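Asker: Below is the structure, and that's it, no one-letter string:
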Ligand SMILES: [Zn+2]
């Protein structure tokens, strides 16, 4: 599932779309996440609009236009947003095609957990997903004092806390395990027991794992590719995620896998304090 580094990698490789004029709109008519269909009529009203910027908040991409509206895209589990030549054969599971100055921006999503919407800029808060997001994990330094105060209130596990998009936007299942290993914190630790030094370590670790993944073009475990179709190389650099039974890079203890809130979680039982 694409997380902040993968979505940011897509954003950067979508740079050639900026300045392009939307010349046509096609949608499959099928529902995506929560059976929501890409809004065909609102998208068609954007024909003639120019794309002025591609932004990101958490795992959401925002394609600003020179109208009052922006296109919102979430890649879900298997979503791909790529620029193609018109002549390229259309892949199965293509759900949206925007004509763009002789090229096409195509949204392909086999499992249909993605989102493709239109929002009025400045009214992002009314969007069911965008509206919930806390500060982006990469855009600004994490406010450790605010994070600690929220942690005291939440009374959940540290893993669930890091995954909560309203606390910090952009971290998903892979980088939650990675950041908690880096910060030497056990995923099952209750948030009200988080200390100030541990919160500082966690904030720094989140930033570090995201920047490290970005340097490697994101993590590709199965589907992820950037807007040029290139897979990321960060899977080779993960410390704990998907490495059960392999030695911890810090203390050589075998990495453990457990399931927390239905999601696979990886940690070192020795150097991540319970
Ligand atoms: Zn260890």
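Answerer: Okay, I see it. On a predicted model such as this, the values are computed, not experimentally measured, just so you know.

Asker: Give me the packing partners of the longest helix along the chain, helices and strands only.
Answerer: When secondary structure is assigned using DSSP state H, the longest helix within the chain turns out to be helix 196-215. The contact analysis (3 or more CB pairs under 8 Å, 6 or more residues apart in numbering; DSSP states H and E) places helix 196-215 against helix 4-13, helix 144-154, helix 158-163, helix 173-182. Where you see a C-beta, it was placed from the backbone N, CA and C, and this is true even at glycine.

Asker: List the buried residues in the following helix or strand past it.
Answerer: Proceeding N to C from helix 196-215, the next assigned helix or strand is strand 256-260, under DSSP states H and E. Within strand 256-260, the residues that qualify as buried by neighbour count (16 or more other CB atoms under 10 Å) are 256, 260.

Asker: does any part of strand 256-260 sit near the ion?
Answerer: No: applying CB under 5 Å from the ion, one finds strand 256-260 separated from the ion by no less than 10.1 Å.

Asker: Between helix 173-182 and that strand, find me the angle.
Answerer: Following axes from the mean of the first three to the mean of the last three CA atoms, to 10 degrees, one obtains 120 degrees for the angle between strand 256-260 and helix 173-182.

Asker: what mean pLDDT would you report for strand 256-260?
Answerer: The average pLDDT for strand 256-260 rounds to 96.

Asker: same question, stretch 54-68
Answerer: Confidence for stretch 54-68, expressed as mean pLDDT, is 98.

Asker: quick one: it to chain centroid distance?
Answerer: The gap between the average C-alpha position of stretch 54-68 and the chain average comes to 14 Å, counting by CA atoms, centre = their mean, to the nearest Å.

Asker: what's the answer for stretch 93-105, then?
Answerer: Averaging C-alpha positions (CA atoms, centre = their mean) puts stretch 93-105 22 Å from its chain's average.
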